[in-house]
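# Kindly generate the corresponding structure for this input.
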Amino acid sequence: MQAGHRFAESAPGHDGAVHVRGPLGTDGVERVAEEENLRVAALRGANGDEDSEAESYRDGRTGEVDQETKGRAYAWCRDFLSGSWKSISEADFQISIVSGGLSNLLYKCSLPDHVQPVGVEPSRVLLRIYGAILQGVDSLVSESVMFAILAERELGPRLYGIFPEGRLEQYLPSKRLHTEHLQDPAISAEIACKMARFHRMVMPFNKEPRWLFGTIDRYMEQIMNIKFVREAHIKKFKKLMKYDLPAELASLRALLAATPSPVVFCHNDVQEGNILMLDGRDRNSSDKLMLIDFEYSSYNYRGFDFGNHFCEWVYDYTHDQWPFFKANLDNYPNRQQQLHFIRHYLVESEDTALEDRAKVEEEMIVEANRYALASHFLWGVWSIIQARLSKIEFGYMDYAQHRFDSYFKRTNALMECLSYFSCLSVYFPFCLSFLTPVQ
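Predicted coordinates:
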């Protein structure tokens with residue numbers, strides 16, 4: 001959904017601001033279904049006995065930071081940043097909401113204008129408070145290690161402090177990307193290059209691709225036991241449960257098992273809110289974007305990063321009225337737009353001989369669009385869980401419904417194409433090669 005995890009603010013600026021689903025409240029690194037140390041939140045609402053309060057926000061988003069949150073943020077900044085942060089009072093401490101998070105709560109914390117840093121401490125930071133789904137000890141350690149490594153390699157913001165409830169990150173002056181920017185050829189090309197660099201990284205984490213189906217399996221298990229209280233949630237949940245999700249998941253596993261896709265270190269939530277357009281870079285520069293929000297990053301099948309990113313062309317999370325997102329399936333990238341992305345990815349990867357390029361491109365299109373189904377399924381079940389737990393103002397059940405509607409539309413289209421090309425293949429055997437996986 002992610003998400004993430006949707007979070008940069010207008011300049012001066014996810015971390016600078018991000019679609020925080022990021023996307024999840026779950027860190028992707030080594031978070032598998034059998035992980036014993038994951039502290040999963042009870043399937044109760046944000047207030048302990050009710051569903052998520054998201055259905056209450058039909059008049060629009062709130063913009064004020066409550067006093068309890070301000071007090072906690074002040075204490076974290078004072079203790080972890082030190083320097084001038086220790087000299088200011090809570091009354092002088094400045095905090096504002098960074099919009100867009102679907103998994104985590106994001107805030108910009110600043111020194112007052114009349115107070116300057118006395119050492120190396122920053123004058124402003126991004127505070128990320130983890131959502132209800134996160135909070136596992138093992139995953140917190142893994143994500144903190146990953147975040148620090150990426151910062152050291154200048155591939156992500158600096159890390160200023162970590163604590164059980166969240167972390168303090170570098171606040172990067174930046175402009176927020178919007179969904180329509182993903183269609184811009186120059187921006188799409190740079191995103192492809194950034195993804196290729198991310199995929200080349202060797203990280204000190206489990207190399208087995210357990211994240212995708214491990215996460216889905218865990219959410220499915222929770223959904224089977226979930227109980228909603230709000231009538232609006234109950235009706236929407238019953239509608240979603242008319243789908244035979246366990247059977248559909250088995251079909252999805254079989255399809256992807258027959259779809260070759262290399263295992264690489266994936267971001268797993270490359271959407272507009274998790275991409276910063278950094279201030280101070282020449283507009284013609286090919287290095288003006290930064291990927292952020294790595295809470296779902298893990299070793300995974302490459303096709304998921306492609307397919308998930310293509311799905312995000314459809315969703316706009318900046319809508320300021322209920323359900324706080326808009327979707328337009330017509331924005332899903334067409335063949336030429338997908339080829340544009342894939343070709344720039346391959347150039348950056350520098351691992352494909354020219355004589356193989358056309359064949360590889362066709363295989364990658366099939367790979368991406370099949371894994372797009374996994375994106376819809378993952379963020380669909382994620383959103384059902386969030387509807388029960390999250391305090392964030394968002395129409396999670398509406399979002400889940402749209403992701404599953406999109407999943408079944410694409411699945412039905414795939415089946416129709418397979419049937420059509422199977423008939424054609426009697427006379428034109430090459431027709432089926434576009435849709436069948438390479439063995």
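
# Now do the helices in the protein.
With DSSP state H as the criterion, the chain has helices at 67-81, 137-152, 185-200, 211-223, 231-240, 245-257, 302-312, 335-349, 357-389, 396-425.

# Point out where the protein drops to low pLDDT.
Along the chain, segments meeting pLDDT under 70 span 1-50, 52-62, 99-103, 132-138, 283-284, 352-354, 418-439.

# on that earlier part again, of the helices of the chain, give the one that comes closest to Gly119.
Ranking the helices of the chain by proximity to Gly119 (C-beta to C-beta) places helix 67-81 first, at 9.9 Å. From N, CA and C alone the C-beta is placed, and that goes for glycine too.

# returning to what we had before: highest mean neighbour count out of the helices of the chain?
helix 302-312 (a mean of 26; mean count of other C-beta atoms under 10 Å).

# could you check the angle helix 245-257 makes with that one?
Interaxial angle of helix 302-312 relative to helix 245-257 (axes from the mean of the first three to the mean of the last three C-alpha atoms, to 10 degrees): 120 degrees.

# before we move on, back to that, out of the helices of the chain, nearest to Arg281?
Of those, nearest to Arg281 by C-beta to C-beta is helix 185-200, at 10.8 Å.

# roughly how far apart are the spatially closest residue to Ile162 that is not a sequence neighbour and Met201?
In space, and not counting its chain neighbours, Ile162 is closest to Ser144: 5.0 Å by C-beta to C-beta, 6 or more residues apart in numbering. Using C-beta to C-beta, to the nearest Å, Ser144 is found at 17 Å from Met201.

# Then Ala189?
From Ala189 to Met201 the distance is 20 Å (C-beta to C-beta).

# swap in Arg78?
35 Å.

# cool, and Leu245?
Leu245 is 33 Å from Met201, by C-beta to C-beta.

# again with Asn225
37 Å.

# Of those two, which one has the most company?
Met201 (14 against 7; other C-beta atoms under 10 Å).

# Now Gln386: closest residue in space that isn't a chain neighbour?
Tyr396 (4.5 Å).

# these two touch, right, the one you found and Leu389?
No - with contact defined as C-beta atoms under 8 Å, Tyr396 does not count as touching Leu389 (9.2 Å).

# And stretch 250-263, end to end?
21 Å (C-alpha to C-alpha, to the nearest Å).

# ditto for stretch 313-331
6 Å.

# go on, stretch 322-330?
In stretch 322-330, first residue to last residue: 21 Å (C-alpha to C-alpha).

# so who does Arg167 touch?
127-128, 144, 147, 159-161 (C-beta atoms under 8 Å, 6 or more residues apart in numbering).

# before we move on, what about Arg410?
369, 372-373, 376.

# cool, Ser286 as well?
189-190, 193.

# Can you tell me which of those is nearest Gly166?
Glu190 (29.4 Å).

# so the closest residue to that closest one other than its chain neighbours bridges to which residues?
Distances taken as C-beta to C-beta, 6+ apart place Leu289 nearest to Glu190, at 5.1 Å, with adjacent residues excluded. Using DSSP bridges, the beta-bridge partners of Leu289 come out as Met277.
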